[in-house]
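Asker: sequence first, then the predicted structure:
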Amino acid sequence: MPELPEVETVRRGLAPVMEGAVVQRLELRRADLRFPFPDGLAQTAKGRRIVSLGRRAKYLLLDLDDGTVIIMHLGMSGSFRIIGDEVAAPGEFHHTRSRLAAHDHVVFHLLGGDGSAAQVVYNDPRRFGFMLTSRRDALEDHKLFAGMGVEPAGNAFNAEELALRFSGKQAPLKAALLDQRIIAGLGNIYVCEALWRSQLSPRRKAGTLVRKKGAPTQRLVRLVDSIRDVISEAIEVGGSSLRDHAQADGSLGYFQHRFAAYDRVGQPCAHVGCDGTIARIVQSGRSTFYCPACQR
């Protein structure tokens, strides 16, 4: 499933085409994806101007000028592509992405402010993605976002904030970082990479990174810095492009070439002075990749 950097990469690719454009027609080629489309979705969007395309955790948020927000999730295999007046921009990518018309389930027919026409096509072979709606003033209370944690790429994410959320927690550090009520949008890949960078064991109890009076330890400061860095770098190069993920122009990201821990079982640890090798364990049914020698 695409993680935060992949979703942010897609948002940045779509924003120049979608923001400010008018939805001439929203074409729904089936009645549902993972969930049924909201009643009247096509009519709701028709004729509306797109004010902005945002992101919250792993969700894309399309704001219309009447206060409606279309909430979009890519699921396991969902992707967008842009078709302009003349030429589609498929790009080059390593893992083949579906372009079969049978999997093109949603098409935004757009008219830009400069009079140019474009189509933004949502393709999803497995149909695990979805589109829902909310009023902007009710979004924070929506069932998907109520109680959601802090954004790891936002200004509110810092060691002091994470110390508040980790205080007293006996859960393993890996599980705590994946808890969307604590941090919104982190997934397995980038948690593994951040823990490796900060040399912290995924088995360590989250609460051990908080001092008795609630202040963050230096280890927690290092972890926050590592999370920020790995997310920032992944966005910069367009995500990791595992399996079905692709950018909005069809090209794949290349952060997977920078993996130091994820999916590198048996490879030497890249930390200077460490003679360990990357191992794999299973936590809560998910693979964790780390170096037992230097991650403590």
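Answerer: Ah, there it is.
Asker: would you map the helices across the stretch 101-250 of the chain?
Answerer: Counting by DSSP state H, counting those that start in this stretch, the segments of the stretch 101-250 of the chain that form helices are 159-166, 173-178, 188-197, 218-236.
Asker: between these, which gets nearest to Ile70?
Answerer: Each of the helices of the stretch 101-250 of the chain was checked against Ile70 via CB to CB, and the shortest separation belongs to helix 218-236, namely 22.5 Å. From N, CA and C alone the C-beta is placed, and that goes for glycine too.
Asker: okay, buried residues for the closest one please.
Answerer: Taking 16 or more other CB atoms under 10 Å as the basis for neighbour counts, the residues of helix 218-236 that come out buried are 219-224, 226-228, 230-231, 234-235.
Asker: kindly report the same for stretch 133-143.
Answerer: Using 16+ other CB under 10 Å as the test for burial, stretch 133-143 gives Thr133, Ser134, Leu139, His142.
Asker: for stretch 273-280, same thing?
Answerer: With burial defined by 16+ other CB under 10 Å, the residues of stretch 273-280 counted as buried are Ile278, Ala279.
Asker: got a list of contacts for it?
Answerer: 261, 264-269, 287-294 (CB atoms under 8 Å, 6 or more residues apart in numbering).
Asker: what is the mean pLDDT for that stretch?
Answerer: Model confidence over stretch 273-280 averages 98 on the pLDDT scale.
Asker: quick one: low-confidence parts of the protein?
Answerer: Applying pLDDT under 70 to the chain flags the ranges 1, 85-99, 237-258.
Asker: domain map for it?
Answerer: Domain assignment for the chain, taken from automatic domain parsing, gives 4-141, 159-290.
Asker: compute the first-to-last residue distance for the first one.
Answerer: In this case it means domain 4-141. With CA to CA, to the nearest Å as the measure, domain 4-141 spans 21 Å from end to end.
Asker: centre of the chain to that domain, how far?
Answerer: Between the mean C-alpha point of domain 4-141 and the mean C-alpha point of its chain there is a distance of 15 Å (CA atoms, centre = their mean, to the nearest Å).
Asker: same question for the shortest one.
Answerer: Remark: domain 159-290 is offset 14 Å from the chain centroid, using CA atoms, centre = their mean.
Asker: span of it from start to end?
Answerer: Taking CA to CA, the span from the opening residue of domain 159-290 to its closing residue is 22 Å.
Asker: again with stretch 288-296
Answerer: Stretch 288-296 has its terminal residues 14 Å apart, counting by CA to CA.
Asker: buried residues in it?
Answerer: Taking 16+ other CB under 10 Å as the basis for neighbour counts, the residues of stretch 288-296 that come out buried are Thr288, Phe289, Tyr290, Cys291, Cys294, Gln295.
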